[in-house]
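Colleague: requesting a structural model of the entry that follows:
(one chain, ligands or ions: 1)
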Amino acid sequence: MSASNISHALQGRERIAPERPAWAASPEPPEREALPLVTAQALQRTAAAPTADRLGQRSQDWHGEGWPEHLVPLREHAARLRRETLDDLGGYVAQLSNQVSAHGGVVHHAADTSEALAAIRGVIAERQARLVVKSKSMVTEEIGLNHALEADGVQVVETDLGEWIVQLGDERPSHLVAPAAHLSREDVAQRFSALAGEPMSTDADELAAFARQRLRQDYQDADIGITGVNFAVAETGTLVTVTNEGNARMATSQPPVHIAVMTPEKVIARMRDLGTLLPLLSHSGAHQQVTTYQTMVTGPRRDGEDDGPEELHLVIVDNGRSDIAETKYRDILACIRCGACQTACPVFRTLGGGHAYGSVYAGPVGAVLSPLLGEHPQDAELPFLSSLCGSCADVCPVQIPLPDMLVDLRADYTRTQESATARAGWKAWSALWSHPLGYRLSIVVTRLGGLLPRWLPAALPGAPRRWATGRKLPDLRQSGRFRKALRRMRLHGAERSHR
Ligand code: SF4
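Modeller: Numbering: from 1, shown residues only. I've put the predicted structure just below:
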């Protein structure tokens, strides 16, 4: 490995002690803790409340007044455009592949993670690459690309500022467009100080300048640039990435090889559709009219051009999307990864970001997509991590009916995964509460149960302990307060009507 193939940006990384729970780690730990336990721990993190406040304020500022009038027709048009592509996903992907090939790119179709990793490793091996600069990409998180390449001895440097910050702390991104949303400026300064080996101020401009100075050299030294794709235009074979930092532009133009990784649903039919989709993505993701950089790559560098890669590879990873496209959940593939539903979701905010979901995709979009992708059996429980308040659907720029899907996924879970004991319990409860006498009897039993210590279920072995993990029992002796309050209110109302 030559000196030029050693990352400048990551020098000193070993001095950073990751201060995060195991469940926020990158990569995800193979053995996951139970979801209720993780969410209970997430609520206790000191960072959770400030993160919730920050995201809540952001959501209020951006969506408090509803959709601006001029964007309403754009939103409806975008929803139609995305469904149009989903109607013939295979056809548009084939058209895209033909166009990319016609412009000198190489297209790799990968059915799953292992095929995608094999395709990317093949290109890296051929070029004997040792240093890779990467622009933000969720699908590369999904296939665990960084860790696979690091295991091969390749250094991978995230160049999106937020992604670089979480990479330094060995964490996963906690939000689709704001990967370090769970961290404060003080957290970032602490991380950068350890990296630099000297104290740094918490001034945002100074921190950004430090990151810029650290990352810049790596663009020039890198053998390969890897990016995600925000939109891929079937009509022209153009790969579109949007950033506010220009890092995707650097990663696609400086290294001699560019590997773009996308999932099939990123395809759009026509170039002109960008006129609708780009402003909506900018508005919903960052409340901007337009992001600072839109980078459009159509094939590798041609004769007479000054920059751009010598080779362009496009890896299209299906990982179950074609199957989802055939189900009633097809609309989730219309997602343009703006992250607005995450910012708007009170559950996501209260948990201090997406780490506690345990999946690559978190928040409302993740609670629908991750169980369908089947990344981990525990993801089937994610649809229950929602208050069904509907905020996610209100802010979604492509009108995905997220709450309806969450309800349907809950029903699927109950039908297919709930144990026979749980089902029998719910049936008994339903029968009991269908009669006033049964209901009153249950109140008496509950009050008697309240005489037992509240820690008892967690101390019992087996099912009671599993059930109690991460749950806090209310004081059951207080049960019935609602009915008393109701009676008081009715009495009060009756007195007033007699006056
Ligand atoms: S589901 Fe909608 S709001 Fe959520 S990330 Fe996707 S496009 Fe954005």
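Colleague: number of residues surrounding A189?
Modeller: 19 (other CB atoms under 10 Å). C-betas here are computed from N, CA, C, even on glycine.
Colleague: same thing with E311?
Modeller: 18.
Colleague: equivalent analysis for the one 5 residues further on, please.
Modeller: Residue crowding around I316 was assessed by other CB under 10 Å; the count is 26.
Colleague: close enough to count as contact, it and A111?
Modeller: No - the pair I316 / A111 is not scored as a contact, 9.9 Å apart, by CB atoms under 8 Å.
Colleague: contact partners for T350?
Modeller: L43, A48, A52 (CB atoms under 8 Å, 6 or more residues apart in numbering).
Colleague: recalculate using a threshold of 7 Å.
Modeller: T350 sits next to L43, A52 when contact means CB atoms under 7 Å, 6 or more residues apart in numbering.
Colleague: cool, and R15?
Modeller: So R15 contacts A194, L195, G197 (CB under 7 Å, 6+ apart).
Colleague: in the host helix or strand of the second one, which residues are buried?
Modeller: By that I understand L195. Here L195 sits within helix 185-196, counting by DSSP states H and E. Under the neighbour-count criterion of 16 or more other CB atoms under 10 Å, helix 185-196 has D187, V188, A189, Q190, R191, F192, S193, A194, L195 buried.
Colleague: again, but for stretch 313-328
Modeller: H313, L314, V315, I316, V317, D318, N319, G320, R321, I324, A325.
Colleague: with stretch 81-89 instead?
Modeller: For stretch 81-89, using 16+ other CB under 10 Å, the buried residues are L81, R82, T85, L86, L89.
Colleague: so the residue of the stretch 51-200 of the chain found nearest the ligand: helix, strand or coil?
Modeller: With CB to the nearest ligand atom as the measure, L176 is the residue of the stretch 51-200 of the chain nearest to the ligand, at 5.8 Å. What DSSP: H, G, I helix; E, B strand; the rest coil gives for L176 is coil.
Colleague: which non-adjacent residue is nearest it?
Modeller: G339 (3.5 Å; CB to CB, 6 or more residues apart in numbering).
Colleague: so which residues on this structure come close to the ligand?
Modeller: 176, 284, 335-341, 365, 395-398, 400 (CB under 6 Å from any ligand atom).
Colleague: which of those lies closest to S387?
Modeller: C341 (12.9 Å; CB to CB).
Colleague: quick revisit: how many neighbours does the residue nearest to L176 have?
Modeller: Neighbourhood size, G339 [other CB under 10 Å]: 25.
Colleague: do I have it right that it meets V177?
Modeller: Yes - between G339 and V177 a contact is recorded at 4.1 Å, counting by CB atoms under 7 Å.
Colleague: could you say which helix or strand contains V156?
Modeller: strand 155-158.
Colleague: name the next helix or strand downstream of that strand, please.
Modeller: helix 161-168.
Colleague: give me the mean pLDDT for that following helix.
Modeller: Mean pLDDT, helix 161-168: 96.
Colleague: next one: stretch 110-122
Modeller: Stretch 110-122 comes out at a mean pLDDT of 98.
Colleague: V297 touches R249, doesn't it?
Modeller: No - counting by CB under 7 Å, V297 does not reach R249; the two are 9.3 Å apart.
Colleague: neighbour count winner among the two?
Modeller: V297 (27 against 22).
Colleague: what about Q95, neighbour count?
Modeller: 18.
Colleague: now do the helix or strand hosting it: which elements does it pack against?
Modeller: Using DSSP H and E, the element containing Q95 is helix 89-102. Here helix 89-102 touches strand 106-110, strand 267-268, going by 3 or more CB pairs under 7 Å, 6 or more residues apart in numbering; DSSP states H and E.
Colleague: excluding chain neighbours, what is closest to W467?
Modeller: Nearest non-adjacent residue to W467 (CB to CB, 6+ apart): P457, at 6.5 Å.
Colleague: residues touching the one you found, list them.
Modeller: Taking CB under 7 Å, 6+ apart, we find P457 in contact with P464, R465, W467, A468.
Colleague: excluding covalently adjacent residues, which one is nearest to the residue in the stretch 351-499 of the chain that the ligand sits nearest to?
Modeller: When scored by CB to the nearest ligand atom, the stretch 351-499 of the chain has C396 as its residue closest to the ligand, at 3.4 Å. Nearest in space to C396, with sequence neighbours left out and distances taken as CB to CB, 6+ apart, is C341 at 5.7 Å.
Colleague: am I right that the one you found is in contact with V395?
Modeller: Yes - counting by CB under 7 Å, C341 does reach V395; the two are 6.2 Å apart.
Colleague: compare those two (neighbour count), which wins?
Modeller: More crowded of C341 and V395, by other CB under 10 Å: C341, with 27 against 23.
Colleague: secondary structure element for the residue lying closest to T343 once chain neighbours are set aside?
Modeller: In space, and not counting its chain neighbours, T343 is closest to S59: 4.7 Å by CB to CB, 6+ apart. Using DSSP H and E, the element containing S59 is helix 48-63.
Colleague: can I get the CA coordinates of that helix in PDB?
Modeller: What follows is helix 48-63 as a C-alpha-only set of coordinates in PDB (Å, rounded to 0.1, in the frame of the first residue of the first chain):
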ATOM      1  CA  ALA A  48     -32.700  11.600  23.300                       C
ATOM      2  CA  ALA A  49     -34.500  14.600  24.600                       C
ATOM      3  CA  PRO A  50     -32.400  17.300  22.900                       C
ATOM      4  CA  THR A  51     -32.600  15.300  19.600                       C
ATOM      5  CA  ALA A  52     -36.400  15.100  20.000                       C
ATOM      6  CA  ASP A  53     -36.600  18.800  20.600                       C
ATOM      7  CA  ARG A  54     -34.400  19.600  17.600                       C
ATOM      8  CA  LEU A  55     -36.200  17.400  15.200                       C
ATOM      9  CA  GLY A  56     -39.600  18.500  16.600                       C
ATOM     10  CA  GLN A  57     -38.700  22.100  16.000                       C
ATOM     11  CA  ARG A  58     -37.500  21.300  12.500                       C
ATOM     12  CA  SER A  59     -40.700  19.500  11.600                       C
ATOM     13  CA  GLN A  60     -42.800  22.300  13.000                       C
ATOM     14  CA  ASP A  61     -40.900  24.900  11.100                       C
ATOM     15  CA  TRP A  62     -41.100  23.000   7.900                       C
ATOM     16  CA  HIS A  63     -44.500  21.400   8.000                       C
END
